[in-house]
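*Asks:* All I have is the shape, not the residue letters:
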């Protein structure tokens, strides 16, 4: 099971893929704003899987009210 976690000492407490410093919002933005597939994102970040990307996108859609892009 993929875990999206928040810890105060990593990424200023923002949600991230457990075991990484990759923010859930960053993955969400790559998917929604850059129109990248889950597979393309997972290839770009070799320390995560397609399931990690799916979990991050689902987490942001469900929990995050602020949809301000995390990437430019």
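*Replies:* In hand now; what should we look at? No experiment lies behind these values; they were computed from the predicted model shown. Numbers count the residues shown, from 1 in each chain.

*Asks:* quick one: contacts for the most centrally placed residue in the chain?
*Replies:* The residue lying closest to the centre of the chain (CA atoms, centre = their mean) is residue 24, at 2.2 Å. By CB atoms under 8 Å, 6 or more residues apart in numbering, the contact list for residue 24 reads 4, 14, 15, 16, 17, 56, 57, 59, 60, 64. Placement of C-beta: from N, CA and C, glycine included.

*Asks:* Check these for the minimum pLDDT and say which it is.
*Replies:* Among those, residue 64 carries the lowest pLDDT, at 77.

*Asks:* Report how many residues lie close to the nearest residue to that residue once chain neighbours are set aside.
*Replies:* Excluding the flanking residues, the one nearest residue 64 by CB to CB, 6 or more residues apart in numbering is residue 25, at 6.7 Å. Using other CB atoms under 10 Å, residue 25 has 23 other residues around it.

*Asks:* helix/strand/coil for residue 25?
*Replies:* Look at residue 25: counting by DSSP: H, G, I helix; E, B strand; the rest coil, its state is helix.

*Asks:* tell me the contacts of it?
*Replies:* Going by CB under 8 Å, 6+ apart, residue 25 touches 14, 15, 60, 64, 70.

*Asks:* Tell me how far the first one lies from residue 58.
*Replies:* Note on residue 14: its distance to residue 58, by CB to CB, to the nearest Å, is 16 Å.

*Asks:* can you give me the strands in this structure?
*Replies:* In the chain, the strands defined using DSSP state E lie at 4-5, 16-17.

*Asks:* Determine which stretch of those is the most buried.
*Replies:* strand 16-17 (a mean of 24; mean count of other CB atoms under 10 Å).

*Asks:* Give me the contacts around that one.
*Replies:* 2-6, 10, 22-24, 27, 48, 52, 55-56.

*Asks:* ok so, going back, out of the contacts of residue 25, who's the most crowded?
*Replies:* Neighbour counts for those (other CB under 10 Å) peak at residue 60, which has 23 neighbours.

*Asks:* quick revisit: now the strands of the chain in TSV, with distance to residue 39?
*Replies:* Listed next are the strands of the chain as TSV, based on distance: least, CB to CB, whole Å:
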stretch	distance to residue 39
strand 4-5	19
strand 16-17	16
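
*Asks:* All set, thanks.
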